[in-house]
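Trainee: here's a sequence, model it:
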Amino acid sequence: MPTCSPLGGCSALRLAVTTDRARTVSLLLASGAFLSATLLQEAWQSPNVTHRVLASLTSAYCCRLRVERRRLVEVSRAHVEGISNLLEDIEGSTPWLAAWRSGEDTDHATLSDLLAKAAAANCPVTAAFLQSAGAWPFFSQASGGSALHAALDAGHQTMAEALIRDLGGCPYVPDTHGRLPVHMMSDEERQRLEQRLFEEEQEKLKDLELRQKADREKAAARTALDVQKPHFTCLLIHRPPLFHNLRLPPHSSLATLCPSTPSVNHRGRHQEPGPKLECYKWGEFEEQQ
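Mentor: Sure, this is the predicted structure:
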């Protein structure tokens, strides 16, 4: 699946669409680039996007949704009805308003169960619209796991990558049986994932350091950068991370930017907000209450 995007960042397809590169858009769509729930709206509302790009993009959404609807016929009637509604909107006079239609009695848990089933059936476009409608990517009450667990159990690695990269899936959140998605991957897949997460968070922290004005905030960003590299080295050599007890203050900008490293320890259990541990050099900590 072609992408050059960090989590939540600017994908190659989005960049090609918003700059009206019709040939590049066609090539990316033909090679299977991920379609988010918001890209169609953004394209139709942009004054810079011409009809050639809009036609290619709209056609790609419709074609993929029809394929996914066939996969989900035996899974759930709710999926079929939801996809039919999406196709009706996209092929109608207001494609930029396409969204998953939920009834008044539809809650987050119900949408999350639909997301897990869509992931198990390898339906990324349907999953994107469900996540946009409020489905939780980290837990499904029916399965006791997440959409990421469902995708990996079914052997859909590309679907799993899309969940992590674009839909908020976390490889370090266990299911009710204690299984971590990261441990359900092959060694090669796990190392590639961790390398990408490491590089993405490094870029975010560097950008954060540049944007901060207060010396204290700049120092905090630099500390996190210093912590990440040895932490990642420990992951690569399959030892418990040296910094597995690192905790960031709740609601801090660093905790928001780096969800995969500081907020979860090496056993995958969420840590409650607690003391902040600052690393000044390898193995040397100072605990601040």
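Trainee: which outside residues touch the helix or strand hosting Thr24?
Mentor: Applying DSSP states H and E as the criterion places Thr24 in helix 22-30. For helix 22-30, contacts defined as CB atoms under 8 Å, 6 or more residues apart in numbering pick out Pro2, Ala12, Leu13, Ala16, Val17, Thr50, Arg52, Val53, Ser56, Leu57, Ala60. (Each C-beta comes from the backbone N, C-alpha and C, glycine too.)
Trainee: how close does Ser93 get to Arg101?
Mentor: 17 Å (CB to CB, to the nearest Å).
Trainee: higher neighbour count, these two?
Mentor: Here Ser93 and Arg101 are compared on neighbour count by other CB atoms under 10 Å; more neighbours surround Arg101, at 15 against 6.
Trainee: for that one, what are its contacts?
Mentor: Taking CB under 8 Å, 6+ apart, one finds Gly82, Asn85 in contact with Arg101.
Trainee: show the pLDDT at it.
Mentor: pLDDT recorded at Arg101 is 88.
Trainee: confirm that it sits in a strand.
Mentor: No: counting by DSSP: H, G, I helix; E, B strand; the rest coil, one finds Arg101 to be coil, located in no strand.
Trainee: domain assignment for the protein?
Mentor: 12-98+107-184, 187-288 (automatic domain parsing).
Trainee: which of the ones you listed is buried the deepest?
Mentor: domain 12-98+107-184 (a mean of 19; mean count of other CB atoms under 10 Å).
Trainee: and that one, average pLDDT?
Mentor: Mean predicted lDDT for domain 12-98+107-184 stands at 92.
Trainee: roughly how far is the helix or strand in which Ala119 is found from the heart of the chain?
Mentor: Using DSSP H and E, the element containing Ala119 is helix 108-120. Centroid displacement of helix 108-120 relative to its chain, using CA atoms, centre = their mean, to the nearest Å, is 15 Å.
Trainee: for that helix, list the C-alpha coordinates in PDB.
Mentor: C-alpha atoms of helix 108-120 as PDB (Å, rounded to 0.1, in the frame of the first residue of the first chain):
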ATOM      1  CA  HIS A 108     -19.900   3.600  19.800                       C
ATOM      2  CA  ALA A 109     -19.800  -0.100  20.800                       C
ATOM      3  CA  THR A 110     -22.000  -1.100  17.900                       C
ATOM      4  CA  LEU A 111     -20.000   0.800  15.400                       C
ATOM      5  CA  SER A 112     -16.800  -0.700  16.900                       C
ATOM      6  CA  ASP A 113     -18.100  -4.200  16.400                       C
ATOM      7  CA  LEU A 114     -18.900  -3.300  12.800                       C
ATOM      8  CA  LEU A 115     -15.300  -1.900  12.400                       C
ATOM      9  CA  ALA A 116     -13.800  -5.100  13.700                       C
ATOM     10  CA  LYS A 117     -15.900  -7.200  11.300                       C
ATOM     11  CA  ALA A 118     -14.900  -4.900   8.400                       C
ATOM     12  CA  ALA A 119     -11.300  -5.300   9.300                       C
ATOM     13  CA  ALA A 120     -11.600  -9.100   9.400                       C
END
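Trainee: point out where the stretch 151-289 of the chain drops to low pLDDT.
Mentor: 231-289 (pLDDT under 70).
Trainee: which parts of it are strands?
Mentor: Along the stretch 151-289 of the chain, the segments classed as strands by DSSP state E, counting those that start in this stretch run 276-281, 284-288.
Trainee: how much space between Ala150 and Ala37?
Mentor: In terms of CB to CB, Ala150 sits 19 Å off from Ala37.
Trainee: equivalent analysis for Ala162, please.
Mentor: 12 Å.
Trainee: then Glu199?
Mentor: 26 Å.
Trainee: kindly report the same for Met159.
Mentor: In terms of CB to CB, Met159 sits 15 Å off from Ala37.
Trainee: pull the most distant pair out of the contacts of helix 22-30.
Mentor: Pro2 and Thr50 (22.2 Å; CB to CB).
Trainee: SS state for the nearest residue to Ala98 once chain neighbours are set aside?
Mentor: Once flanking residues are discounted, Ala98 sits nearest to Asp89: 4.0 Å by CB to CB, 6 or more residues apart in numbering. Secondary structure state of Asp89, per three-state DSSP, is helix.
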